[in-house]
Every structure is written in C-alpha cells, then in structure tokens.
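Peer 1: What follows is a predicted structure for the sequence shown.
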Amino acid sequence: IQLPVRIDLAGGWTDTPPYSLERGGAVVNMGLLLNGAYPIQVQAKWLSERVIRFRSVDQQLQIEIDDFAQLYHPPQLGSPIALPHATLLAGKILDYLQSPETGGLEIITSCNVPMGSGLGTSSILAAGLVMATWQLLDVQWTEEQLFNQVLYVEQTLGSRGGWQDQVGGVVGGIKLTTTGTGTPQRFLVQQIELNSQFQKALHEQLVLAYTGKQRVAKNILELVVADWLSRRSDLVQTLTHLRLDAHTMSKALEVGDLAQFGQLLTQYFEGKKALNDGTTNTTINHLIDTVRHLCLGWGIAGAGGGGFLVFLAQNVNARRLIEQHLQSTPATIYNWEMASGYVIQS
C-alpha cells in the first residue's frame, strides 16, 4: 500500500478532541507526493514460520518476536515498533494468529519523510498498517471505518491528535472535511474541485520547504488541550475563527481566488501562533522574513515548531527568487504534486 502525506491549509486544531467532540471540526488539507513518489509504503504478508517480523526500511531495522503473548501488553510510546504493535493490538489479527496453524506475519514499512515533518506521517502510516492487515483478513471497509480505526490505534498507542492527518493521506486532492459533535465522529469529506488555471498557478507558485528542524507536536498538543479545558476566551475565539476560516478557504479555492487563499494561509499560521507560541521560533521566523516580500501567504505544516513551511509566491518569478533565497538557509526545497489518493498494489 502506497500513501501520500498531507499538508494542512486551514482549520487544524479544530480536529482535535476535546474541541472537535464539543464543537465539531472543519479542516482543509491536501494529499501530496514528494519528489515524484509516494512517501509512505506498507506491506503485510503471512509467513509459514511462527514469528512476527517488523521491518522498517527507512530505519534499517528488523525485529522478530516469537512469543506472541508479548504483543498483548500495551505498546511503549517511542519504541521503533510501537505503531505496528498498536495496530495489531487494536485490530483482530493477534487473535487470528493464536491458532498455531496460521503461521506468522511480516510487516514492512517505509517512510521517506524527514522526522518531525508535520505532514501527518504517523497517522497516515497507521492508516496504511490498518489497511494492510485488514487486507490479509479480507475485511471490507468504508473510509469512515478506516478513519476511526486509526483513532483507535492512536488511543491504544497512547499518542493523541486529531483526525485530519489520516483523512489527508487516505483521500486525495484538496478537500474540506467536517465532523459534528459527539462520538463517534462522523466524517463528511467534500472534494474541492479546482479550475485548471488555479491548479496551474498552485503548482507553479506553492513552495514546500523543510525547515531542517524536527517539530515536537506532542508537547504543543498537551498545552493547547490544557488551555482549551480552561475555556480561555481568546483561545475559544481563535478556534472558532479557525473552523470558520476552513469553510471560507474552501470557497476561495472553488472560485480560484489565489490572493484570498494566500491571505487565509497566513491567517491560519497566525491562528496557530495565537494558540501556542511554540508554533514558531527564531529559525522559522528567519526563514519567513527572508522571503515574505515575495509571497502572497505562508504557513506551517501541523503543530509547528519545525517541520515543513509552505510559501505561496506572488508569481512564477517570485517562486524562483524564493528558492534562490532559501538556498543560503538550512531549509530544503521539496518538489511536490497533488496526490489522487492511496494505491493498493497486489
């Protein structure tokens, strides 16, 4: 299974419990290929021998477990096999493997994305792991079942976060995803159709740059959730604006308003900063200050603090100048293209 990563463009943080459970969420994000390839790949296959083998291509790591009972213990956050372990524990595959006649299992993963990218890698990898193991069990699924199973995997793992990442990696293109209040979260995914002129401008003028700094989302997440529980009036207002801006951006994209798209992108970045000052730092501020005079807007992927920045250049010439300016910084430019969704290879 091959999956894209995602870049969030508006509404992030409104997908995160407890806010999304109480008020509902709205997010605009886009699935991406990086440097012409699907960055995340997952393969699962049965083995004849009684062993569960976890292999990570990017980490050059292989771990084998022959005592399957070990995997009924909670996964340890930070372990190199924590995510596939949580996937097996949250699914039915461990129970299936209890029969000695079934043999074993091999799971191979590859993530060609910098650590702490902010591109939703962990949740999208979890979606790939769920799909790969469900395939082995001949499980039929809907997108909503998949989205919710990823949330269950993350709860089993003990990590926390929103639902936009897995939506961004499973559903291709640019989309507005909304949920209502309460549990389970009901997802409404609306594909945003871009006119050909706007789509061409987006590909020519949107610059994706890795800051060179790994972002630490968990720490920022804990602070924002704690602030929400305090019901600080400014934070409640900011989250309300972020949710409404996702709907506004969806309309701007539909009509092809590049200037408003850029303005809302920057507004989203400012909203993230208002929620937590860890969203930015001196490195990020310097990168933005270096090229802001050439931009219609800019933003940061995920919770911020590092990872990827996105710049919307004023025109094609401005894009070239942005790339030239960034060459003298720690940032790395990535070629990107919009992904149409995940691919299952037989």
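Peer 2: In hand now; what should we look at? Numbers count the residues shown, from 1 in each chain.
Peer 1: is it fair to say residue 75 lies in a helix?
Peer 2: No - using DSSP: H, G, I helix; E, B strand; the rest coil, the assignment for residue 75 is coil, not a helix.
Peer 1: And it, how far from residue 165?
Peer 2: Distance, residue 75 to residue 165, by Cβ to Cβ, to the nearest Å: 19 Å. C-beta coordinates here come from the backbone N, C-alpha and C atoms, glycine included.
Peer 1: The two: which is more packed in?
Peer 2: Legend: neighbour count by other Cβ atoms under 10 Å for residue 75 and residue 165, higher for residue 165 (30 against 22).
Peer 1: can you map out the strands along the chain?
Peer 2: Taking DSSP state E, the strands of the chain run over residues 2-3, 5-10, 25-34, 40-47, 52-56, 61-65, 104-111, 174-179, 187-191, 206-210, 295-300, 308-313, 332-334, 336-338.
Peer 1: Dump these into TSV; add distance to residue 143 and mean pLDDT as well.
Peer 2: Converted to TSV, the strands of the chain look like this (distance: least, Cβ to Cβ, whole Å; pLDDT from 0 to 100):
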stretch	distance to residue 143	mean pLDDT
strand 2-3	13	98
strand 5-10	14	98
strand 25-34	13	98
strand 40-47	17	97
strand 52-56	26	97
strand 61-65	31	96
strand 104-111	21	97
strand 174-179	10	97
strand 187-191	7	96
strand 206-210	26	98
strand 295-300	26	98
strand 308-313	25	98
strand 332-334	27	97
strand 336-338	18	97
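Peer 1: between those strands, which one is nearest to residue 262?
Peer 2: strand 295-300 (3.0 Å; Cβ to Cβ).
Peer 1: show me the contacts for residue 163.
Peer 2: Shown in contact with residue 163 (Cβ atoms under 8 Å, 6 or more residues apart in numbering): 15, 20, 25, 147, 150, 151, 177, 179, 185, 187.
Peer 1: quick one on the thing from earlier: mean neighbour count, the strands of the chain: which tops it?
Peer 2: Comparing those by mean neighbour count (mean count of other Cβ atoms under 10 Å), strand 5-10 comes out on top with a mean of 28.
Peer 1: Please enumerate residues in contact with that strand?
Peer 2: Counting by Cβ under 8 Å, 6+ apart, 27-32, 34, 39-40, 113, 117, 119-121, 124, 164-165, 167-169, 174, 208, 242, 245-246, 248-250, 264-265, 268, 299, 301-302, 308, 310 sit against strand 5-10.
Peer 1: What angle do strand 308-313 and it make with each other?
Peer 2: Here strand 5-10 points in a direction 60 degrees away from that of strand 308-313 (axes from the mean of the first three to the mean of the last three Cα atoms, to 10 degrees).
Peer 1: what pairs with strand 5-10, and is each one parallel or antiparallel?
Peer 2: strand 25-34 (antiparallel) (DSSP bridges).
Peer 1: Next, work out how far apart the nearest residue to residue 155 once chain neighbours are set aside and residue 18 are.
Peer 2: Leaving aside its sequence neighbours, residue 155 sits nearest to residue 90 (Cβ to Cβ, 6 or more residues apart in numbering; 7.9 Å). Remark: distance between residue 90 and residue 18 (Cβ to Cβ) = 21 Å.
Peer 1: Before I go, just wanted to say thanks for your time.
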